[in-house]
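Enquirer: Pasting a predicted model and its sequence here:
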Amino acid sequence: MSVPFSRRDHRFAALFLVAATLLSGCAAKNPLIDEPASSGTESGVQTKGPGTVNRLLGALSPYRIDIQQGNFVSREMVSQLKTGMSREQVQFILGTPLLTDIFHANRWDYVFRLQKGSGAVISSKVAVFFEGDRLVKVDGGELPTEAEYLAFITGETK
């Protein structure tokens with residue numbers, strides 16, 4: 001009668017479990033779960049400073065990439081919008097909207113989020129409202145300028 005696993009196999013399995021436990025701190029956080037939920041009434045820009053970096057054995061830290069999602073809309077872009085513009089003109093200035101809802105066809109949402117590898121986050125929301133085919137309202141709060149956004153990307157801001 002043969003034994004399916006030898007002692008060597010058990011040692012390898014134990015070593016594998018220890019390594020997996022140590023490396024489990026490298027997993028990315030889920031911002032939808034880990035950050036406080038917003039009420040949905042806020043608009044404009046929200047920033048968050050860099051978080052703590054998980055370190056392996058106190059010396060090594062994992063490399064984290066910058067993650068950008070959505071359309072960046074700057075203060076300069078919104079200042080070009082004028083009441084009465086057509087949908088095509090708005091799309092030319094702001095780009096294709098990230099969210100278009102079939103139940104609210106007269107509203108386009110431009111949502112943006114950039115999470116740096118250091119943990120710093122910048123996010124913004126802009127809503128554009130139409131009546132028929134003409135622009136009637138832009139809701140976006142205080143948006144960053146293009147210079148502020150470039151400074152954030154390059155790490156020249158706090």
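Expert: The structure has been received and is ready for your questions. Numbers count the residues shown, from 1 in each chain.
Enquirer: For the rest of this, base every contact and every neighbour count on C-alpha atoms.
Expert: Noted.
Enquirer: give me the number of residues near residue 70?
Expert: Neighbours of residue 70 under the rule other C-alpha atoms under 10 Å: 17.
Enquirer: What of residue 111?
Expert: Residues lying near residue 111 (other C-alpha under 10 Å) number 20.
Enquirer: Without its sequence neighbours, what residue ends up closest to it?
Expert: Of all residues not flanking residue 111 in the chain, residue 125 sits nearest, at 4.6 Å (C-alpha to C-alpha, 6 or more residues apart in numbering).
Enquirer: my read: the one you found touches residue 99, true?
Expert: No. In this structure residue 125 lies outside contact range of residue 99 using C-alpha atoms under 8 Å: 10.8 Å.
Enquirer: list residues touching both of the two?
Expert: Common contact partners of residue 125 and residue 99 (C-alpha atoms under 8 Å, 6 or more residues apart in numbering): 109-111.
Enquirer: check which helix or strand covers the residue nearest to residue 111.
Expert: Using DSSP states H and E, residue 125 maps to strand 121-131.
Enquirer: Flag the shaky bits of this structure, pLDDT-wise.
Expert: Scanning the chain for pLDDT under 70 picks out 1-10, 19-58, 157-158.
Enquirer: give me that answer again for 90
Expert: Scanning the chain with the threshold set as pLDDT under 90 gives 1-72, 74, 97-102, 104-105, 111-124, 132, 140-158.
Enquirer: can you give me the strands for it?
Expert: Taking DSSP state E as the test, the strands found in the chain are 44-48, 67-70, 99-101, 104-115, 121-131, 134-139.
Enquirer: Dump the fifth one to PDB, restricted to CA.
Expert: In PDB, the C-alpha atoms belonging to strand 121-131 read as follows (Å, rounded to 0.1, in the frame of the first residue of the first chain):
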ATOM      1  CA  VAL A 121      -6.900  59.600  -4.900                       C
ATOM      2  CA  ILE A 122      -8.600  62.400  -6.900                       C
ATOM      3  CA  SER A 123     -12.100  62.000  -8.200                       C
ATOM      4  CA  SER A 124     -14.700  64.300  -9.700                       C
ATOM      5  CA  LYS A 125     -18.300  64.200 -11.100                       C
ATOM      6  CA  VAL A 126     -19.800  66.400 -13.700                       C
ATOM      7  CA  ALA A 127     -23.500  66.100 -14.800                       C
ATOM      8  CA  VAL A 128     -24.700  67.800 -18.000                       C
ATOM      9  CA  PHE A 129     -28.400  68.300 -18.500                       C
ATOM     10  CA  PHE A 130     -30.300  68.700 -21.800                       C
ATOM     11  CA  GLU A 131     -33.800  69.800 -22.800                       C
END
